[in-house]
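sequence-free structure coming up:
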């Protein structure tokens, strides 16, 4: 505050104020306003540029992660497709094998049934033949009357060979009744013995063949049972493998469908992020180009104003004005005779009362500024004191505005940093939870829904904030246009007064004016009045008028442009919100998880921890300038307001409108 007071004391102008000094004051104010606006715009663009950088990096990382996820999902889908194809081929092959085995089983059963029928019929024939032959043998050996009938039965058997049947027929041609006569006994015995022997051989042969048939049947039955068992095992195993691979194929098809759904969603998210990045890049590029143009324009404007100040404030202009403009000083003296009288007296009672008043306020409030100003008020001319107080009020207000803007920036940065720290801390806790339970898919989906809800809330907050800023900007632009119009009226009035004055002066004194150049105007004739200097001031006022007109048009155009940008932002934000709300509904309906990677979770944890560390480091950088230490922001504001009130009351004392008695 002491340095500020010294600067104000050093910058106090002379007591007499000429029209040239008014123009100089106006141009100085324009220059200060231009520098402040340029610095403010640079600070705001710096924050905007940082936002562009952060947003581009964040979205680029998200797009890269999306591309990796898409590549991985495509690989998994292709792997599932190949597996489904292989399983389908194997299932068809197994079904073909099972069908063939079933046919083989039916064919083997048919053959076995035919073989069994043949065996049964043949065994029956052999059994009957053995029984008949055995009966015949028994009859022949006993020499009973049934021998002929028994032999005829044996001869009728189809299994008896032809030569045996012929022998039996030859034997039967003899009369069996004569066989028992004594004279022929030996001959009969000889003949019957040959038949019995033949029958016994047949019996042995039939018995042997029957036994062989039974063994073959037993072997065939066992072979059939083995074949049927093998076929049954093959069919059972094949059907089991068909069921197993069919189930595996269904699971793989389900997994493939889920991966395809994830791929569609991931692709949509990636495309949305890409569009956002493209829009942001285009916006940042356009804003950067606009800022560079505006910044150069502001710099050129400030340089032009300074150049004009140097020209008007030079000895050729200001010096001549101080010497040759007594008439204007007299006009000002008539409008404020009492004030002029106070200016000429450094021991004015009001000035002394102001010094005492400020000293008392400094003592009660502890303000060093008021104390130094009280000392200066008693030691300087009245005019300097009043201007010094006014300038201090302006400086304090500007300082308050600057500190408010800085606090707003700090609050925004601290809030954003806290949100980042809180968000990153929350993400780390979530990742730790996911690492402990890799199969907790439902929890992950729940978190996804929570993140989407938070994103929707952030969009709502962003839209609300954008709306609030738009309303503030609109009010500011409206006020700027209003101020510009009012300034145009004022400049036009001042220009009309000067033109009328210098027109009359031109009628009285003729002069030759050089064309306007960068250097100050020079004259080739003796000085004949203030016409040339006045004309320069009129020209400058016309330039100022043009600037205010341009300010009005540019502010109106900027208002229209900002309104369009606001509408576009709201449209994109609402569309983004609708997409996120739709995604939230979809994720709420499909709480499914088939895979969670511990390595990915650990990588995410490491990255998030690094981001949190960076946020904590940035917070430490913010502390020195943004976190109150000692006197608080509210206390500084209160003290500054008290100082401004005290200065305003001091001005009232100097003006004679408020003359408090000092206790």
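Yep, that arrived. From a predicted model like this one, the values you see are computed outputs, not experimental measurements.

So which residues of the chain form strands?
For the chain, no strands are identified by DSSP state E.

longest helix anywhere in it?
When the chain is parsed with DSSP state H, its longest helix is helix 185-312.

Mind giving me the packing neighbours of it?
Counting contacts by 3 or more CB pairs under 8 Å, 6 or more residues apart in numbering; DSSP states H and E, helix 185-312 is packed against helix 19-142, helix 147-155, helix 162-172, helix 531-589. The way it works is simple: take the backbone N, C-alpha and C, and place the C-beta from them, glycine included.

Residue 411: how many residues sit nearby?
Per other CB atoms under 10 Å, the neighbour tally for residue 411 reads 12.

Now do the contacts for it.
Neighbour list for residue 411: empty [criterion: CB atoms under 8 Å, 6 or more residues apart in numbering].

try residue 52
Contact partners of residue 52, counting by CB under 8 Å, 6+ apart, are 280, 283, 284, 287, 288.

Against residue 396, how distant is the residue lying closest to residue 400 once chain neighbours are set aside?
Closest residue in space to residue 400, ignoring its immediate chain neighbours: residue 640 at 5.4 Å, by CB to CB, 6 or more residues apart in numbering. Distance check for residue 640 against residue 396: by CB to CB, to the nearest Å, it reads 6 Å.

try residue 38
For residue 38, the distance to residue 396 equals 22 Å [CB to CB].

so what's the closest residue in space to residue 478 that isn't next to it in sequence up against?
Using CB to CB, 6+ apart and skipping residues adjacent in sequence, the residue nearest residue 478 is residue 559, 7.8 Å away. Residue 559 makes contacts with 473, 474, 477, 478, 481, as judged by CB under 8 Å, 6+ apart.

Let me have those residues in a markdown table, adding pLDDT and distance to residue 25 as columns.
Shown next, in a markdown table, are the contacts of residue 559 (pLDDT from 0 to 100; distance: CB to CB, whole Å):
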| residue | pLDDT | distance to residue 25 |
| --- | --- | --- |
| 473 | 91 | 30 |
| 474 | 89 | 31 |
| 477 | 90 | 26 |
| 478 | 91 | 27 |
| 481 | 87 | 24 |
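
Can you turn the buried subset of those into a selection I can paste into PyMOL?
Typed into PyMOL, the next command selects the buried ones out of the contacts of residue 559 (criterion: 16 or more other CB atoms under 10 Å):
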select buried, resi 477+481
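
Can you list which of the contacts of residue 559 are found in helices?
Counting by DSSP H, the part of those found in helices is 473, 474, 477, 478, 481.

so where is the stretch 301-450 of the chain shaky, pLDDT-wise?
For the stretch 301-450 of the chain, the stretches flagged by pLDDT under 70 are 312-351, 366, 374, 377-384, 386, 403, 435, 437-443.

where's residue 170 relative to residue 138, distance?
Relative to residue 138, and taking CB to CB, residue 170 is found at 21 Å.

The two - which one has more neighbours?
More neighbours surround residue 138 than the other of residue 170 and residue 138, with 15 against 11 (other CB under 10 Å).

List only buried entries from the contacts of residue 52.
For those, a burial check counting by 16+ other CB under 10 Å picks out 280, 283, 284, 287.

Export the helices and strands packed on helix 185-312 to JSON lines and append columns for mean pLDDT.
Conversion of the helices and strands packed on helix 185-312 to JSON lines gives the following (pLDDT from 0 to 100):
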{"stretch": "helix 19-142", "mean pLDDT": "87"}
{"stretch": "helix 147-155", "mean pLDDT": "74"}
{"stretch": "helix 162-172", "mean pLDDT": "74"}
{"stretch": "helix 531-589", "mean pLDDT": "80"}
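
what's the closest of those to residue 626?
helix 19-142 (13.8 Å; CB to CB).

Tell me how far the closest one lies from the chain's centre.
Chain-centre distance of helix 19-142: 29 Å, with CA atoms, centre = their mean, to the nearest Å.

and the angle for that helix with helix 162-172?
Using axes from the mean of the first three to the mean of the last three CA atoms, to 10 degrees, the inter-axis angle of helix 19-142 relative to helix 162-172 is 30 degrees.

angle of helix 19-142 against helix 531-589?
Using the same axes, to 10 degrees: helix 19-142 against helix 531-589 is 20 degrees.

returning to that earlier point: quick one: the buried ones among the contacts of residue 52 as TSV, columns for distance to residue 247 too.
Output for these, formatted as TSV (distance: CB to CB, whole Å):
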residue	distance to residue 247
280	49
283	54
284	54
287	59
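
Looking at the residues you listed, which one is closest to residue 605?
Nearest to residue 605 among the buried ones among the contacts of residue 52, with distances taken as CB to CB, is residue 280, at 28.0 Å.

isn't the closest one right up against residue 55?
Yes. Taking contacts as CB atoms under 8 Å, residue 280 lies within contact range of residue 55: 5.3 Å.

neighbours of residue 488, just the number please.
Neighbourhood size, residue 488 [other CB under 10 Å]: 18.

quick one: it from residue 362, how far?
Taking CB to CB as the criterion, residue 488 is separated from residue 362 by 43 Å.

swap in residue 426?
To residue 362, residue 426 is 51 Å away according to CB to CB.

More neighbours: these two, which one.
Between residue 426 and residue 362, counting by other CB under 10 Å, residue 362 is the more crowded of the two (20 against 15).

For residue 639, see how far away the more buried one is.
11 Å.

and what of residue 271?
56 Å.

do residue 206 as well
Look at residue 206 and residue 639: by CB to CB, they are 140 Å apart.

who's more crowded, these two?
Legend: neighbour count by other CB under 10 Å for residue 206 and residue 639, higher for residue 206 (23 against 16).

Pull the contacting residues for the more buried one.
Contacts of residue 206 (CB under 8 Å, 6+ apart): 126, 129, 130, 133, 159.

Give me the local confidence score for the last one.
According to the per-residue confidence, residue 159 scores 77 in pLDDT.
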